[in-house]
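> Task: produce atomic coordinates for the following.
(one chain, ligands or ions: 1)
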Amino acid sequence: MPFSLVPDCLVDRYAEITPEYLKSRGICLLLSDLDYTLAARKTSKPDDSLRAWIAELKAADIAFMIVSNNRSGHRVTAFCDSLGVPYQGHAQKPSTRGLEEAMRRAGTDRAHTAMLGDKLLTDVLAANRAGVLALMVEPVGGAVTCWQKVLHAMQAPFKAAYRRKVAKDA
Ligand SMILES: [Mg+2]
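Sure thing, here's the model as predicted:
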């Protein structure tokens, strides 16, 4: 169970994660965080660009599931229902429990799974501990609250480590 906060991929927006990229990495299940990853916090309805991206994934036969630590079930459930995607709640990231349950439900394994999220200490750490591809996205709407700004600053060295890794591998 490796402890690493360095993502395998860092993008500005979720839509940069394309079906082509996922297929090139052998991924058939994409797990994703919700808040600040797919939508700004407290958003209750998915927008058209998110719907279009999910449709592209589905068309490419890539299964998709939202894996969230969120406890306020109603908003997240309504969001997922509206999007037509399954939801794994109470994931307790950075625990690997939610990711493992999601893989079990989807009938696939870690070699074919990726996890997308905006936070290193929950999403990326859970992905690395579970041995799935760790995809990180800059927070939707940017760092808004004081806590987000602090978190953003704390994440910077690990993003720099990712960029160094990419430059070395190039
Ligand atoms: Mg998030």
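
> contacts and neighbour counts: CA atoms only from here.
Will do.

> number of nearby residues for the closest residue to A114 other than its chain neighbours?
Spatial nearest neighbour of A114, excluding adjacent residues (Cα to Cα, 6 or more residues apart in numbering): L133 at 4.3 Å. Neighbours of L133 under the rule other Cα atoms under 10 Å: 25.

> List the residues that contact L133.
D8, R110, A111, T113, A114, M115, A127 (Cα atoms under 8 Å, 6 or more residues apart in numbering).

> again with D33
Residues in contact with D33 (Cα under 8 Å, 6+ apart) are I66, V67, S68, M115, L116, G117, D118, D123.

> among those residues, who's most crowded?
Within those, most neighbours by other Cα under 10 Å means D123, with 30 neighbours.

> ok, it - contacts?
D33, K93, P94, M115, L116, G117, A134.

> make it 10 Å
Neighbour list for D123: 5, 7, 32-33, 67-69, 92-96, 99, 115-117, 129, 134-136 [criterion: Cα atoms under 10 Å, 6 or more residues apart in numbering].

> now swap in M136 and tell me
By Cα under 10 Å, 6+ apart, the residues touching M136 are 6-14, 17, 32, 37, 115-120, 123-124, 159.

> quick one: which of those residues sit in strands?
C9, L10, V11, S32, M115, L116, G117 (DSSP state E).

> ok, what's across the strand from the first one?
It stands for C9. L135 (DSSP bridges).

> That one against V166, yeah?
Yes. With contact defined as Cα atoms under 10 Å, C9 reaches V166; the gap is 8.9 Å.

> Contact residues of this structure facing the ion?
D35, Y36 (Cα under 5 Å from the ion).

> tell me, what residue is most central in the chain?
Nearest residue to the geometric centre of the chain (Cα atoms, centre = their mean): L116, 1.8 Å.

> remind me which residues of this structure are low pLDDT?
1-2, 72 (pLDDT under 70).

> And the residue of it closest to the ion?
As assessed by Cα to the ion, the ion sits closest to D35 within the chain, at 4.2 Å.

> That residue and K58, how far apart?
21 Å (Cα to Cα, to the nearest Å).

> what about those two, which has more around it?
D35 (19 against 13).

> G142 is in contact with the more buried one, correct?
No. If you go by Cα under 10 Å, D35 and G142 don't touch, sitting 11.7 Å apart.

> so how far is the lengthiest helix in the chain from its chain's centroid?
Secondary structure assigned by DSSP state H gives helix 146-169 as the longest helix of the chain. On the basis of Cα atoms, centre = their mean, to the nearest Å, helix 146-169 sits 16 Å off its chain's mean C-alpha point.
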